[in-house]
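Student: Provided below are the primary sequence and the corresponding predicted coordinates.
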2 protein chains.
Amino acid sequence: MNDLSHHEQAIELLQELGLKEYEAKAFVALTRLPEGTAKEISEISEVPRTRVYDAVRVLETKGLVEIQHANPQRFRAVAIDEAADTLRREYEDRTDSLRATLRAIEPAAPDEETEVTHEVWSLSGGTAITSRTRQLVDESDDEVVLVIGDESAYTSELRERLQAAGDRGVSVVIGITEGSLRERVERDLPDARVFVSGLEWLHSSAETGDETVIRRLLLVDRNTILVSSFHEDLGEGHEHEQAVFGRGFDNGLVAIVRRLMYTGLLSNVEA
Amino acid sequence: MNDLSHHEQAIELLQELGLKEYEAKAFVALTRLPEGTAKEISEISEVPRTRVYDAVRVLETKGLVEIQHANPQRFRAVAIDEAADTLRREYEDRTDSLRATLRAIEPAAPDEETEVTHEVWSLSGGTAITSRTRQLVDESDDEVVLVIGDESAYTSELRERLQAAGDRGVSVVIGITEGSLRERVERDLPDARVFVSGLEWLHSSAETGDETVIRRLLLVDRNTILVSSFHEDLGEGHEHEQAVFGRGFDNGLVAIVRRLMYTGLLSNVEA
DNA sequence: CGCTGGGTTCACTCACATAATCACAATAAG
DNA sequence: CTTATTGTGATTATGTGAGTGAACCCAGCG
């Protein structure tokens, strides 16, 4: 990756962090110069000279740039780490406020009864999916069957939750597609049943150009399932995890997956 | 603050965190409901029903909402903490990338010689100002005079820097306007000279309605100064710290402040 | 003095993204 | 079959930001 695309990438990032195009370009320009005038900035960035002033003023109020009021004015960017910290903190503060504000709102719903059958929900994003996985394991009463399609899906937190489930009498069954994980899991969860393969087809479907793998497959108490798939979408690193999660013993999706899992299980289980 | 303004505040925050208006409104609506249909969301938020679908789809890809594909579709928001964490993490990742990317760019400047005289820079934002304060104390050779107008400006980090400066032979003089801080500072910096008052006028100018106080006043080696003021701007908590920072013994600003500080100092110093 | 030229600010146009509304297809209920 | 409700797509407004040029200010200089 050459330096030009670094520029563009930095500019994009800054825009995602809430700066306007001119602001982002001006800041990147100033990052390359120990200091600069409007003219200089305009030359090495693509910002029209007459707009450099607005942009830099905004940057100053955000604490990213210092201004020397002389003729001509001179500008300089703060240190990189300082800039990054400033921006990070800004968003941290916002998420904190959001948390507090939402908490103050929430209890405002006319709680109704809802039938708990046949639901199928879809969700996406690693964090959301991880979170629901955890929750489902936690609420298991009887049995947890989990197929781990990818080493990274087996986190230490998940391990703890599984151990806790086992400790309260839930039978834990773990399916693995890669051999490497097996030892670790067997060591972590001595009471669990661990099996390998029987489900290789879950892995990448090499025939289609589709780069999709099943990452997690969870069946709880025979009536709730969660399936997540991982897409190595597009050439760039734009990867994304998607999942569906269903409830209800007679839910079609649940039924199918239950069937599949027990099939893979029966032919491979080891005590 | 009633609940209605909580809503608005939450919506604003979400927009600042990168959501569109409809997305923000729909999310807040879902926060109040255990789950909801497009119609319900449209009713309690101000989002046109036909737009709820798009908005919620976007929220789903951001990991903030789960969708049940039934008829009618049902939506639910993830837990508040989960949502806040998801958003925070998103921005943390971005600032990290930014840091890395900028580092890769920086060495791209034709380093020129610059005369180091008579500069006056302005900067704003607590972090930027704190950072420059630190830097100036660190580069002191001979003398540091610091007036602390506000307890919060005396952080533990600053204390360490001042101690370090003292240890390498720099004479440290601290001015204080509130008595409460005095003990602490004298204990922290036994070698420093500490004086109180003589500079009360630095504090709030009660006659003008203006809520502005001088927060820090720093003179380094008699030739570099930094003055920061704190505005309790506007009725709302919209506060902001602004500063100027100047270099050069014969710089007019530096000269004036030097004069002022030594005036306050001479009449009050204690060994 | 008035001119000239760079530096700076401001006001204006244009394009694009988003908000808002509508028309229509699909589905379920009566 | 009719009707109401749900979902999708197309279309029209509106507002924000990018891009451009005119006006202003203030040197220095003829």
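Tutor: Received it, and whenever you're ready, just let me know what you need.

Student: pretty sure residue A:42 contacts residue A:55?
Tutor: No: the pair residue A:42 / residue A:55 is not scored as a contact, 10.2 Å apart, by CB atoms under 8 Å. (Glycine included, C-beta is placed from N, CA and C.)

Student: Pick out whichever of these two has more residues nearby.
Tutor: Neighbour tally, residue A:42 and residue A:55, criterion other CB atoms under 10 Å in any protein chain shown: the higher count belongs to residue A:55, 26 against 19.

Student: So that one sits against residue A:22, correct?
Tutor: Yes: between residue A:55 and residue A:22 there is a contact under CB under 8 Å: 4.1 Å.

Student: Identify the contacts common to these two.
Tutor: residue A:47 (CB atoms under 8 Å, 6 or more residues apart in numbering or on different chains).

Student: Now do the helices in chain A.
Tutor: Secondary structure of chain A (DSSP state H): helices at A:3-16, A:21-32, A:38-44, A:49-61, A:80-105, A:126-138, A:156-167, A:180-188, A:252-266.

Student: can you tell me which of those helices the model trusts least?
Tutor: Per-segment mean pLDDT for the helices of chain A reaches its minimum on helix A:252-266, at a mean of 64.

Student: And the pLDDT at the spatially most distant residue from the centre of chain A?
Tutor: Among residues of chain A, the one most distant from the C-alpha centroid is residue A:71; the distance is 48.4 Å, by CA atoms, centre = their mean. If you check residue A:71, the pLDDT there is 77.

Student: Pop out the phi and psi values for it.
Tutor: phi -130, psi 110 (degrees, to the nearest 10).

Student: quick check, distance from stretch A:65-77 to the centre of its chain.
Tutor: 40 Å (CA atoms, centre = their mean, to the nearest Å).

Student: how about that stretch: buried residues?
Tutor: Using 16 or more other CB atoms under 10 Å in any protein chain shown as the test for burial, stretch A:65-77 gives A:65, A:66, A:67, A:68, A:74, A:75, A:76, A:77.

Student: just stretch A:85-99 next, same as before
Tutor: For stretch A:85-99, by 16+ other CB under 10 Å, it's A:85, A:86, A:87, A:88, A:90, A:91, A:94, A:95, A:97, A:98, A:99.

Student: can you redo those as TSV with distance to residue B:125?
Tutor: Putting the buried residues of stretch A:85-99 into TSV (distance: CB to CB, whole Å) gives the following:
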residue	distance to residue B:125
A:85	11
A:86	7
A:87	11
A:88	13
A:90	9
A:91	14
A:94	15
A:95	19
A:97	18
A:98	21
A:99	23
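
Student: any idea how far residue A:147 is from residue A:154?
Tutor: Using CB to CB, to the nearest Å, residue A:147 is found at 11 Å from residue A:154.

Student: Between those two, point out the one with more neighbours.
Tutor: Neighbour tally, residue A:147 and residue A:154, criterion other CB under 10 Å: the higher count belongs to residue A:147, 26 against 20.

Student: hang on, isn't that one packed against residue A:216?
Tutor: Yes: counting by CB under 8 Å, residue A:147 does reach residue A:216; the two are 7.2 Å apart.

Student: Excluding residues flanking it in the chain, which one is nearest residue A:9?
Tutor: residue B:101 (5.2 Å; CB to CB, 6 or more residues apart in numbering or on different chains).

Student: Could I get the contacting residues of that neighbour?
Tutor: A:6, A:9, A:10, A:13.

Student: Could you export those as CSV, including neighbour count?
Tutor: Shown next, in CSV, are the contacts of residue B:101 (neighbours: other CB atoms under 10 Å in any protein chain shown):
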residue, neighbour count
A:6, 19
A:9, 19
A:10, 23
A:13, 23
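
Student: Out of those residues, which is nearest to DNA strand C?
Tutor: Using CB to the nearest atom of the strand, residue A:13 comes nearest to DNA strand C of the contacts of residue B:101, at 17.0 Å.

Student: Return the residues in contact with the residue nearest to the closest one when sequence neighbours are not counted.
Tutor: Of all residues not flanking residue A:13 in the chain, residue B:98 sits nearest, at 4.6 Å (CB to CB, 6+ apart). For residue B:98, the contacting residues are A:10, A:13, A:14, A:17, A:83, A:84, A:87, by CB under 8 Å, 6+ apart.

Student: my guess is the fifth one meets residue A:89, correct?
Tutor: No: contact between residue A:83 and residue A:89 fails when scored by CB under 8 Å: they sit 10.9 Å apart.

Student: among the buried residues of stretch A:65-77, which are within reach of chain B?
Tutor: Residues of those in contact with chain B (CB under 8 Å from any CB of the partner chain): A:65, A:66, A:67, A:68, A:76.

Student: Report the two of those residues separated the most.
Tutor: Within these, A:65 and A:68 form the most distant pair, 10.6 Å apart (CB to CB).

Student: Give me the common contacts of those two.
Tutor: A:75, A:76.
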